[in-house]
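Enquirer: Compute the structure for the input listed below.
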Amino acid sequence: MQVTHVDFIDSRLSAAFASTSNSLVVSNEHGLSDKLNKMREGDYAYLIISACHMTEVVKYTHTEKLQRTGTLTLHVERGQHGTTATSFPFGSCVRSEVTASILRELVKQMIKEEHERL
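Expert: Modelled structure (predicted):
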């Protein structure tokens, strides 16, 4: 399993997302399923959910090919990189973004891969 970054994810919640839920229901906008399907099975990426003053980082692990339907249900791990699981209303933003902590994780992985290659 490796961390990956998926560029230009820009979607919205298709249903409210309770702080106790791990099922993120998002609109399949802007080719979202196609972008996530480029990930290798078992690899993971971080998504940012935000609404007004609330922000949370969640971890999505790609386990199966996603269908090209109007909505997608993504199973995620909540409260990543120092954020807290929060309830978000319908229509909240879901996007990909490189934060300092995500960048550190990507760099550590690259260094480890380079060390193993030598």
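Enquirer: longest single helix anywhere in this structure?
Expert: Ordering each helix of the chain by length in residues (DSSP state H) puts helix 100-117 first.
Enquirer: which residues sit against that one?
Expert: Residues from elsewhere that reach helix 100-117 (C-beta atoms under 8 Å, 6 or more residues apart in numbering): 2-3, 5, 46, 57, 81-82, 98. All C-beta atoms are positioned from the backbone trio N, CA, C, and that covers glycine.
Enquirer: For that helix, buried residues please.
Expert: 102, 105-106 (16 or more other C-beta atoms under 10 Å).
Enquirer: that older thread, ok, the contacts of helix 100-117 vs K65, which is closest?
Expert: Distance to K65, by C-beta to C-beta, is smallest for Q2 among the contacts of helix 100-117, at 18.2 Å.
Enquirer: what's the burial count for the closest one?
Expert: The tally of other residues near Q2 (other C-beta atoms under 10 Å) stands at 14.
Enquirer: pLDDT value on it, please?
Expert: Listed pLDDT for Q2 reads 89.
Enquirer: ok, and the closest non-adjacent residue to it?
Expert: Excluding its sequence neighbours, the residue lying closest to Q2 (C-beta to C-beta, 6 or more residues apart in numbering) is D43, at 5.1 Å.
Enquirer: Likewise for M1?
Expert: Excluding the flanking residues, the one nearest M1 by C-beta to C-beta, 6+ apart is G42, at 4.7 Å.
Enquirer: do the same with Q80
Expert: In space, and not counting its chain neighbours, Q80 is closest to V57: 4.3 Å by C-beta to C-beta, 6+ apart.
Enquirer: Check V98 too.
Expert: For V98, ignoring the flanking residues on the chain, the nearest one in space by C-beta to C-beta, 6+ apart is H5 at 6.3 Å.
Enquirer: quick one, phi/psi of E29?
Expert: Here is the backbone geometry of E29 (degrees, to the nearest 10): phi -100, psi 160.
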